[in-house]
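Below: sequence and its predicted model.
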Amino acid sequence: METREKIELANLPLAVYREIAAHLRQLEGVEVELIPQSSPQFAYKKSQIAGLWVNYAEDVAPQMEQILAYYRDRYTG
């Protein structure tokens with residue numbers, strides 16, 4: 001069974017969201033889409049990215065959560 005989840009990590013720059021997406025795409029069966037920011041004003045900390053849509057199979061969920069935990073600890077903690 002496949003799950004679709006929206007992932008939002010506050011105040012990350014675009015480059016970090018792209019790094020997370022690339023890291024998650026290394027897992028088999030994971031698809032990632034960047035969600036554009038809806039605000040018309042540019043703010044580096046807002047990155048012009050609202051979050052990520054991630055489609056994944058349940059069996060990769062533990063690995064995916066480890067990757068996301070790393071970025072949460074590093075950038076939002």
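Thanks, I have it.

mind checking how far I49 is from A22?
From I49 over to A22 the distance is 14 Å, taken as Cβ to Cβ, to the nearest Å. Placement of C-beta: from N, CA and C, glycine included.

which one of the two has more residues nearby?
Using other Cβ atoms under 10 Å as the criterion, I49 and A22 rank with I49 on top: 21 against 10.

tell me, which helix in the protein spans the most residues?
helix 61-75 (DSSP state H).

Show the average pLDDT along that helix.
Helix 61-75 shows a mean pLDDT of 95.

repeat for stretch 49-56
The pLDDT scores in stretch 49-56 average 94.

and L52, how many residues sit next to it?
20.

So what does it look like in phi/psi?
phi -130, psi 140 (degrees, to the nearest 10).

That one and V30 touch, don't they?
No. Look at L52 against V30 with Cβ atoms under 8 Å: they stay out of range, at 10.6 Å.

what lines up beside the helix or strand hosting L34 in the sheet?
Element membership for L34, per DSSP states H and E: strand 31-36. Partner strands and pairing direction for strand 31-36 (DSSP bridges) are strand 49-57 (antiparallel).

Any idea what the residue nearest the centre of the chain is bridged to?
Nearest to the geometric centre of the chain sits L52, at 4.4 Å (Cα atoms, centre = their mean). For L52, the beta-bridge partners are I7, L34 (DSSP bridges).
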